[in-house]
Structures are given as C-alpha cells and as structure tokens.
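Q: sequence first, then the predicted structure:
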Amino acid sequence: MGQRGPKAKPTELKMIQGTYRADRAPENEPKPNAPAAVPEPPAHLDATAKKEWRRLAPELFRLGLLTKVDLGTFEVYCLSYGRLVAAHKSLRKAKTMFHEYTNKAGATNFVARPEIAVIQKESLVIKAFCAEFGLSPSARTRMEAPTILPGGAGPPQDEKNSFDGFLNGPRKQRLPGT
C-alpha cells in the first residue's frame with residue numbers, strides 16, 4: 001500500500017512559499033547539488049522542446065528547483081511539451097477532430113483522430129510536472145515569494161523606500177483619538 005495523503009512538497013518550494021518549518025522538516029532530507037549553471041537542453045530534444053527548456057530552466061534554476069537529479073524529470077516534461085505542440089499542429093493541419101473510415105459493410109464511421117489521445121496523455125504528464133515543481137496557477141496563488149531587488153538585496157525595510165511608499169507617499173501617522 002502506498003503512502004497516504006497528498007505528496008510532500010520539496011523543501012525549496014516550501015521556503016519560496018513561506019511555509020517552511022524547521023520543526024517539521026525531515027532530519028536527513030537529501031540535498032542534491034545544483035548544476036554550476038543553467039544546463040543546456042539535451043541534443044535529442046526537438047526544437048519545440050529545446051525552446052521550452054530554455055524558457056523554464058533559468059527560472060527553475062534560480063528558484064533552486066532544478067538540481068542535477070531533477071534534470072531527467074524536467075527532460076520528460078520538455079519532451080512531453082514538444083509532443084503536445086506537435087499533436088496540436090497536426091490536428092490543426094487535419095482541420096477535423098475525427099477520422100472518417102468505411103467499414104466492410106460500407107457504412108461510414110467516425111473515430112477521434114489519434115492526435116486527440118496524444119494531447120490528452122501529454123496534458124496529464126505536463127500537469128503532473130507542474131504540480132511537482134509548483135508551476136500551476138493554483139500553486140502560485142498559495143506562494144509567497146521573497147522580494148528580491150536588483151543586486152540581490154532583500155525587501156526595503158523602511159516605508160518611504162518601499163514601492164507602496166513610492167506610489168502613495170509615506171503614510172501619515174494618526175494621533176491617538178483622531
């Protein structure tokens with residue numbers, strides 16, 4: 001019997017979301033090494049998959065979610081994305097969602113084109129990947145990412161330098177009873 005409950009989130013994702021608690025963290029959680037730089041896409045990927053790799057890999061690397069052991073999972077995602085796009089292009093070229101054929105009795109039947117099954121399958125793979133790495137829209141609504149300013153500085157500490165202070169000016173302090 002498998003483990004119960006929802007899948008555990010990676011520690012890095014919990015830290016980004018602001019939900020990390022040291023008292024609940026595993027004591028000996030493996031910490032895979034990050035690549036020295038954003039890795040180049042594997043040569044066997046098609047052009048669409050390579051383009052997706054180059055689009056997402058830098059952000060996942062920056063967030064600490066793309067380590068050496070995650071590269072295979074990320075590669076599967078990119079391959080899946082490439083197949084999804086290819087199936088959509090093929091379906092668009094066919095200009096129909098159904099394939100017509102005539103059976104032995106001479107009756108005309110319609111069957112869904114094979115591209116539809118590919119699209120459905122690859123969509124599930126992509127959805128699973130997004131859940132693993134916290135990239136779905138619902139995961140982002142629960143995230144509370146730290147503010148990083150140019151140069152790696154953290155969020156501004158005083159209100160007059162904050163973005164809100166910039167837009168609205170410093171808040172006036174209210175006197176007691178007013």
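A: Everything's here; your move. Numbering: from 1, shown residues only.
Q: per-residue confidence for the residue nearest to F129 when sequence neighbours are not counted?
A: Closest residue to F129 apart from its sequence neighbours, by Cβ to Cβ, 6 or more residues apart in numbering: Y77 at 4.0 Å. Any C-beta I mention is one placed from the backbone N, CA and C, and that applies to glycine too. Reading off the confidence values, Y77 has pLDDT 92.
Q: so Y77 is in which element?
A: Here Y77, judged by DSSP states H and E, is contained in helix 71-94.
Q: can you tell me how far A86 is from G18?
A: Noted for A86: a distance of 39 Å to G18, by Cβ to Cβ, to the nearest Å.
Q: ditto for E40
A: For E40 relative to G18 (Cβ to Cβ), the value is 32 Å.
Q: before we move on, what about T73?
A: 24 Å.
Q: now do the strands in this protein.
A: Using DSSP state E, the strands of the chain run over residues 98-102, 108-112.
Q: out of those strands, which gets nearest to V118?
A: With Cβ to Cβ as the measure, strand 108-112 is the member of the strands of the chain nearest V118 (11.0 Å).
Q: and the closest one, C-alpha only, in CSV?
A: Extracted as CSV, the C-alpha positions of strand 108-112 are listed here (Å, rounded to 0.1, in the frame of the first residue of the first chain):
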residue,chain,number,x,y,z
THR,A,108,-19.2,5.4,-42.9
ASN,A,109,-17.9,5.7,-39.3
PHE,A,110,-16.1,8.5,-37.5
VAL,A,111,-13.3,7.9,-35.0
ALA,A,112,-11.4,10.5,-33.0
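Q: just the angle between it and strand 98-102, please?
A: Per axes from the mean of the first three to the mean of the last three Cα atoms, to 10 degrees, the angle that strand 108-112 makes with strand 98-102 is 150 degrees.
Q: partner strands of strand 108-112 and their direction?
A: strand 98-102 (antiparallel) (DSSP bridges).
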